[in-house]
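[1] Predicted structure and sequence below. I'll ask about it afterward.
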Amino acid sequence: NISEFLAYLKEHYLTNQDIDEWFLGKTEQKDRSTNLQTGNKQAVSNVAEFHAHPKEAVYFRFRVFFSVLIYLLALVPVLTSFTVSTTQGLFGIFTVVTVVLIFALFRRFVQGLFVGTIKGHSVKLSENQFPEVYKIVVNQCKSLGIKEVPEVLVSEGHFNAFVTKLARSKYLMLYSEVLETAQRGDFKILEFVIAHELGHIKRKHLSIEGWLFPSKFIPFLSSAHSRACEYTCDRLGYHQSPQGALEGIMVLAAGKNIYSKINLKQYLEDAQMEDSFWVWFSEKFLSHPHTFKRLLAIKNYSERGY
């Protein structure tokens, strides 16, 4: 009976649409309404009410402190050499400047190779190429106060995205599975992912990394700061797409095909039960928080606004 009914719909109402895609979309919509109910008391969707994650500022100060300390320690031998002779002092300064220039050139070379590689394997988005996606990027840049719209690229790959830079140019890379989540006309997850990545540009996470490089030698500090930045960008993504934030993180946990069938409440309860020492300790080596902690954090932010 179902087959006959779907055949009737296809013949009379859905002539130009794939009946399986239509039916799958309806099923997914029902699953999402059943399994991804959050019970939020309110939705903080005004960007003016945005609050960065408090740990980002804390770890940033620690990284600045240790970076400045390492810079000063590196200068001590140079300054000491002036007490021996001016020639040795000038030679020390020349050596330091040379090392810094070589490091900067090498870093620029690596960045250039990376950007060149991703551009060579990607499709550039514009008003004429995926215009509906490009429009979301442009509108969100205006909303977040980002003056220069980054170059937007899409490439084949699993559900992921990132931003990078070369000199003053910024690039937003979206993998194909991110766009596939919007194929049925629901752009909430896509909006969250784009806003999350633009958040890294808004918060200048790309720009400060070069200056804070010495702090990478402090165990766990750089990773901790990175995780805090991810929490902050999740919040920015939530402001642009509250429902997309929860669903987008669920896609990371379960994949784009079955995420809608996951019982969110049960998933969080089970995850917290498994939050053992090894789960806690393993996160210290990661640049991103565990998925269940991101869900808990964004759920708390949506309910309390901080």
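    Done, it's in.
[2] Test my guess that Y267 contacts L296.
    No. Counting by C-beta atoms under 8 Å, Y267 stays clear of L296, with 10.4 Å between them. The C-beta positions use only the backbone N, C-alpha and C, and glycine is treated the same way.
[3] What is whichever strand or helix holds K10 packed up against?
    Assigned by DSSP states H and E, K10 falls within helix 2-12. For helix 2-12, the packing partners by 3 or more C-beta pairs under 8 Å, 6 or more residues apart in numbering; DSSP states H and E come out as helix 19-35.
[4] Okay, now the unreliable bits of the stretch 1-150 of the chain?
    Applying pLDDT under 70 to the stretch 1-150 of the chain flags the ranges 15-22, 24, 31, 33-34, 36-48.
[5] all helices for it, in order.
    2-12, 19-35, 54-84, 86-120, 131-144 (DSSP state H, counting those that start in this stretch).
[6] what's the most buried one of these?
    For the helices of the stretch 1-150 of the chain, ranked by mean neighbour count under the definition mean count of other C-beta atoms under 10 Å, the leader is helix 131-144 at a mean of 16.
[7] on that earlier part again, export the helices of the stretch 1-150 of the chain to TSV and tack on distance to T232?
    Below are these laid out as TSV (distance: least, C-beta to C-beta, whole Å):
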stretch	distance to T232
helix 2-12	46
helix 19-35	26
helix 54-84	5
helix 86-120	23
helix 131-144	13
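[8] Which one of these lies nearest to E230?
    Of all those, helix 54-84 sits nearest to E230, with 9.3 Å by C-beta to C-beta.
[9] show me the residues around P289 that make contact.
    The contact partners of P289, by C-beta atoms under 8 Å, 6 or more residues apart in numbering, come to 227, 230-231, 283, 297.
[10] Any of these buried? List them.
    227, 230-231, 283, 297 (16 or more other C-beta atoms under 10 Å).
[11] Pick the one among these closest to A52.
    Checking the buried ones among the contacts of P289 one by one against A52 (C-beta to C-beta), the nearest turns out to be Y231, at 8.6 Å.
[12] Where does the residue positioned nearest the centre of the chain fall, secondary structure wise?
    Taking C-alpha atoms, centre = their mean, the centroid of the chain lies closest to E197, which sits 4.3 Å from it. E197 belongs to helix 188-202 when assigned by DSSP H and E.
[13] Quick one: distance of that helix to the chain centre.
    In terms of C-alpha atoms, centre = their mean, to the nearest Å, the centre of helix 188-202 is set 7 Å apart from its chain centre.
[14] Need the CA coordinates for the helix holding K10. CSV is fine.
    Presented in CSV, the C-alpha positions along helix 2-12 are these (Å, rounded to 0.1, in the frame of the first residue of the first chain):
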residue,chain,number,x,y,z
ILE,A,2,2.8,2.4,0.8
SER,A,3,4.5,1.6,-2.5
GLU,A,4,1.3,2.3,-4.4
PHE,A,5,0.7,5.5,-2.5
LEU,A,6,4.2,6.8,-3.1
ALA,A,7,3.9,5.9,-6.8
TYR,A,8,0.7,7.9,-7.0
LEU,A,9,2.3,10.9,-5.3
LYS,A,10,5.2,10.7,-7.8
GLU,A,11,3.0,10.5,-10.8
HIS,A,12,0.6,13.3,-9.8
